[in-house]
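Peer 1: Predicted model and sequence follow; I will ask about them next.
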Amino acid sequence: MTEEQAFDHHSAEHAADPVCAYRAIRQGPGTVRTDAHGGFTVLARYDDIAAAASAHADFSSAFELPGDEGYGGGITLPRNPDSGRTSLAEMDPPEWRRYRRMLNPIFTPAAVARFSPRIQAITDETIDRFITKGSCDLVLDLVSPIPAIVTLEVLGLDTSEWERFAVPLHTSVHVPRDPRTSAWQELQDGFQWIFQQIREEIARRRAEPKDGDLLAAIMSADDPEGPLDDALVFETAYTIVAAGVETTTSLLSSALWHLDRYPEDRQRLLDDPSLIDAACEEFLRYYTPEQAGARTVAQRAEAGGESFERGERVLLAWSSANRDESQFPAPDRFVLDRKPNRHMSFGYGIHRCLGSHLARQEIKIVLAEVLRRMPDYSIDRDAAQLYPDLGLMYGYQQMPATFTPGRRSGR
């Protein structure tokens, strides 16, 4: 029987030490059942999570299960009652195949490589804005704008408004989900603005078609089932914005924190920049940005030695899988050049992150440029703030830093 615990991944107690919380489950019963958020079961071991994530017919990502029972919830736990479906991430086959087939060619390594010069240029321009001052906030001035601008440019949306896209997405991962608070209402207003911008751009494209960006490719995709209607185009575009902005920001903030905290690792990368590729994977494993993802049991199934019935909710703890002793020697030690490194930070199975190649490229370019242009940066650790809620995303809200002033790139 699954052990009962008062587990809540959104609690302050969990945020104080999520690594220890998942380790206790992983090294103990392996699974725990909690009544929090309507009740769910946590899977904490690598093999159990891999099995459930691979069995998409049993453990569904769908926003709503087929049928009229009202089962579902998608990939977040609890589900935001004000949100819609997150496109591909909350679809199951056969519908999932249609979208994946359309989007796969856009996110291949070759396609991402062609966009790399723009990532480099956006990174240069962003650092240029503060490099002569000798100080900045590494989150607000660097790792928040770059993924936002890159994502908006890939889609073909207005990059000058990047902050109005980034702030609600950045805030949503940690603000208390209490509709009675002004912070929650402000957040909802921010999301309504994002939704409106995307819908208005789709309407403009219908009136005056445009080529050369991801939104155009989505709207004109050659699909046997016909073109997507505006509602599905919106759903897909919003999902790309949401996925592209916050996850990379969270990971980069953790990586920059680490290199300040452990100068020996920073020096290794300064001495040998070729190690950045391996370091990127270890940052992803050790500081898993998306901590966990939810599934809904679609039919009687088993995982982790437990039986589940239709409608039950299950939490797949990616960050726990990434610290599993059976897969990673010395899992609680950061090994900059760790190989092999089969982490689950981009998920597992058919719902593995479509944009992983783009995210990796952004991470590598930003880290390389920080080390090249501001190698002596020093974080004010007392002022740096982790997200107060680490249930779904691990990262920093702010991170003031100083460094030796440099010159603008001139690019």
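Peer 2: Arrived safely, thanks for sending.
Peer 1: Show me where the chain has its helices.
Peer 2: 12-16, 18-26, 46-54, 95-103, 109-128, 145-155, 162-172, 182-207, 214-219, 230-261, 263-271, 276-286, 318-321, 356-373 (DSSP state H).
Peer 1: contacting residues for residue 6?
Peer 2: Listed by CB atoms under 8 Å, 6 or more residues apart in numbering, the contact set of residue 6 reads 34, 35, 36. C-beta coordinates here come from the backbone N, C-alpha and C atoms, glycine included.
Peer 1: The first one contacts residue 7, correct?
Peer 2: Yes. Judged on CB atoms under 8 Å, residue 34 makes contact with residue 7 at a distance of 4.1 Å.
Peer 1: These two: which is more packed in?
Peer 2: Of the pair residue 34 and residue 7, residue 7 is the one with more neighbours under other CB atoms under 10 Å, namely 22 against 19.
Peer 1: that older thread, between the contacts of residue 6, which is closest to residue 158?
Peer 2: residue 36 (39.7 Å; CB to CB).
Peer 1: Skipping adjacent residues, who's closest to residue 19 in space?
Peer 2: Among residues not flanking residue 19 along the chain, residue 323 sits closest, at 6.5 Å (CB to CB, 6 or more residues apart in numbering).
Peer 1: Test my guess that the one you found contacts residue 20.
Peer 2: No. Look at residue 323 against residue 20 with CB under 8 Å: they stay out of range, at 10.2 Å.
Peer 1: quick revisit: can you list residues touching both of residue 34 and residue 7?
Peer 2: Common neighbours of residue 34 and residue 7 (CB under 8 Å, 6+ apart) are residue 42.
Peer 1: To what extent is residue 260 buried, counted in neighbours?
Peer 2: Count around residue 260 with other CB under 10 Å applied: 19.
Peer 1: switch to numbering from 58
Peer 2: Right, with 58 as the first residue, what we last looked at is residue 317.
Peer 1: Contact partners for it?
Peer 2: By CB under 8 Å, 6+ apart, the contact set of residue 317 is 323, 434, 435, 436, 438, 458.
Peer 1: hmm, try it at 10 Å
Peer 2: Residues in contact with residue 317 (CB atoms under 10 Å, 6 or more residues apart in numbering) are 195, 323, 434, 435, 436, 437, 438, 441, 456, 458.
Peer 1: Nearest to residue 180, out of those: which one, please.
Peer 2: residue 195 (13.1 Å).
Peer 1: Pretty sure the closest one sits against residue 457.
Peer 2: Yes. With contact defined as CB atoms under 10 Å, residue 195 counts as touching residue 457 (7.7 Å).
Peer 1: Next one: residue 58, what pLDDT does it get?
Peer 2: At residue 58, the model reports a pLDDT of 53.
Peer 1: My error: substitute residue 402 in the last question.
Peer 2: pLDDT for residue 402: 98.
Peer 1: what about the residue lying closest to it once chain neighbours are set aside, neighbour count?
Peer 2: Once flanking residues are discounted, residue 402 sits nearest to residue 341: 4.0 Å by CB to CB, 6+ apart. By other CB under 10 Å, the residues close to residue 341 number 25.
Peer 1: same question, residue 247
Peer 2: 18.
Peer 1: how far away is it from residue 224?
Peer 2: According to CB to CB, to the nearest Å, residue 247 and residue 224 sit 6 Å apart.
Peer 1: Repeat that for residue 317.
Peer 2: Counting by CB to CB - residue 317 and residue 224 are separated by 24 Å.
Peer 1: Name the helix or strand of the protein that has the lowest mean pLDDT.
Peer 2: strand 60-61 (a mean of 81; mean pLDDT, DSSP states H and E).
Peer 1: rewinding a little: mind checking the helices of the chain for the one nearest to residue 126?
Peer 2: Nearest of the helices of the chain (CB to CB): helix 152-160, 19.1 Å.
Peer 1: Just the CA atoms of that closest one, as PDB, please.
Peer 2: What follows is helix 152-160, C-alpha atoms only, in PDB (Å, rounded to 0.1, in the frame of the first residue of the first chain):
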ATOM      1  CA  GLU A 152      -4.300  14.300 -31.500                       C
ATOM      2  CA  TRP A 153      -0.800  14.700 -30.100                       C
ATOM      3  CA  ARG A 154       0.800  13.200 -33.300                       C
ATOM      4  CA  ARG A 155      -0.800  15.800 -35.500                       C
ATOM      5  CA  TYR A 156       0.700  18.700 -33.700                       C
ATOM      6  CA  ARG A 157       4.100  17.100 -33.100                       C
ATOM      7  CA  ARG A 158       4.300  16.300 -36.800                       C
ATOM      8  CA  MET A 159       3.700  19.900 -37.700                       C
ATOM      9  CA  LEU A 160       6.200  21.400 -35.100                       C
END
